[in-house]
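Enquirer: Dropping the sequence and predicted coords here.
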Amino acid sequence: MSKVKTIDEAINENTYTLDAGITQSILSCWSCRRKFLLCANGWHKPDSQDAKFAFGNCGHECLEHLYNTKFNGSVTDIIDSYFIDDQINKELMTILIDAYIEYYSGDMNNEWFNTEEEFDVMYNKYRLRGKIDGVLKVDNKLWLMEHKFFSRIQEDVLLNSLTFNSQILFYALAAEIIYGQKIEGVIYNIVRKPQYKSIQNFTKALDTDTHHFFPRFVITINDKVMMDYKTMLNEKLSEIDAVLDRFLYPYINEEFCVGKYTCEYLDACASRNLIGFVQNDNIFPELTTNNGR
Ligand code: SF4
């Protein structure tokens with residue numbers, strides 16, 4: 001049996017470099033330098049996130065498939081694969097996606113540039129990687145579409161935070177490089193996860209107020225915000241570079257251990273070892289074709 005690694009060993013054995021590219025999900029671990037190094041080296045708890053995010057991941061994959069097939073593809077296999085022994089979520093998702101198709105059938109009249117496009121672009125000396133949910137053209141202007149599944153949202157708080165959301169700006173910057181054109185903004189496409197245990201109650205709520213389950217926010221990206229983001233990204237990437245080159249110490253940031261979300265490495269940091277964690281070679285799972293489909 002292989003020896004359980006300590007946190008210090010795992011950090012000292014870092015093999016990640018920025019030459020491999022950086023995605024938004026790895027960047028989002030930069031809240032704590034230790035978290036970043038663990039995350040960028042593929043340390044995670046097996047399947048811990050899969051179960052927690054199954055509904056959102058399934059929904060996202062369904063939308064990806066629908067937009068790729070111009071709303072003609074079937075999502076039955078996708079839903080079945082996520083909810084093998086979970087009949088209630090299988091039905092909820094099926095009803096939700098059917099209602100989505102009907103509600104947003106007009107989306108197919110838009111001029112889509114691309115859906116679920118994987119990008120790998122150079123920004124200054126850095127390689128940015130990721131996948132954009134959708135790019136569409138409206139009145140000769142380019143817009144991103146971003147799908148999100150939420151259980152609960154506080155609309156005013158979300159709307160304010162979206163005006164400088166780093167995920168949106170990361171994708172907008174990549175799209176700007178790909179298309180050589182300014183990105184006007186993003187259509188933030190929200191699907192609300194039904195909080196119902198009864199199918200009957202859910203269908204009634206869906207019929208009564210369909211928009212409640214599929215709200216959209218249109219956020220424009222102003223030039224100043226994008227300029228600030230680029231400055232911030234440059235700073236962040238050079239700091240990451242310095243930590244990777246060991247010019248900067250990977251100090252911890254305990255502000256992010258517990259809060260809205262509990263850090264997935266909390267027990268590892270507390271015990272100083274990685275019991276229960278595994279190391280994945282693929283540190284960019286979001287760039288993998290979903291389930292090989
Ligand atoms: S638990 Fe806290 S110190 Fe440990 S990696 Fe997460 S944020 Fe950093």
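Expert: Alright, I've got the coordinates.
Enquirer: What parts of the chain come near the ligand?
Expert: 32, 34-35, 252-254, 256-257, 263, 265-266, 269 (Cβ under 6 Å from any ligand atom). For every residue, glycine as well, the C-beta is placed using N, CA and C.
Enquirer: Any chance of a markdown table for these, columns secondary structure and neighbour count?
Expert: Below are those laid out as a markdown table (DSSP: H, G, I helix; E, B strand; the rest coil; neighbours: other Cβ atoms under 10 Å):
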| residue | secondary structure | neighbour count |
| --- | --- | --- |
| 32 | coil | 21 |
| 34 | helix | 23 |
| 35 | helix | 24 |
| 252 | coil | 15 |
| 253 | coil | 14 |
| 254 | helix | 11 |
| 256 | helix | 18 |
| 257 | coil | 16 |
| 263 | coil | 21 |
| 265 | coil | 23 |
| 266 | helix | 13 |
| 269 | helix | 17 |
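Enquirer: Distance to residue 74 and pLDDT for these - can I get that in TSV?
Expert: Formatted as TSV, the residues of the chain next to the ligand follow (distance: Cβ to Cβ, whole Å; pLDDT from 0 to 100):
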residue	distance to residue 74	pLDDT
32	42	93
34	44	94
35	39	94
252	47	81
253	45	82
254	47	82
256	41	88
257	43	92
263	38	93
265	39	94
266	41	94
269	44	94
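Enquirer: Would you check which pair of the residues you listed lies furthest apart?
Expert: Distance extremes for the residues of the chain next to the ligand: the farthest pair is 253 and 266 at 12.8 Å, using Cβ to Cβ.
Enquirer: does residue 243 sit in a helix, a strand or a coil?
Expert: Residue 243 falls in the helix class when you classify it by DSSP: H, G, I helix; E, B strand; the rest coil.
Enquirer: Neighbours of it, how many?
Expert: Other residues near residue 243 come to 19 when the count uses other Cβ atoms under 10 Å.
Enquirer: same thing with residue 236?
Expert: For residue 236, using other Cβ under 10 Å, the count is 15.
Enquirer: before we move on, what about residue 113?
Expert: Using other Cβ under 10 Å, residue 113 is surrounded by 17 other residues.
Enquirer: does it sit in a helix, a strand or a coil?
Expert: Applying three-state DSSP: residue 113 is strand.
Enquirer: same check, this time on residue 97
Expert: Per three-state DSSP, residue 97 ends up helix.
Enquirer: Ok, residue 281 next?
Expert: coil.
Enquirer: quick one: contacts for it?
Expert: Applying Cβ atoms under 8 Å, 6 or more residues apart in numbering to residue 281 gives the contacts residue 42.
Enquirer: contacting residues around the nearest residue in space to residue 35 that is not next to it in sequence?
Expert: Once flanking residues are discounted, residue 35 sits nearest to residue 29: 4.9 Å by Cβ to Cβ, 6 or more residues apart in numbering. By Cβ under 8 Å, 6+ apart, residue 29 lies in contact with 35-36, 38-40.
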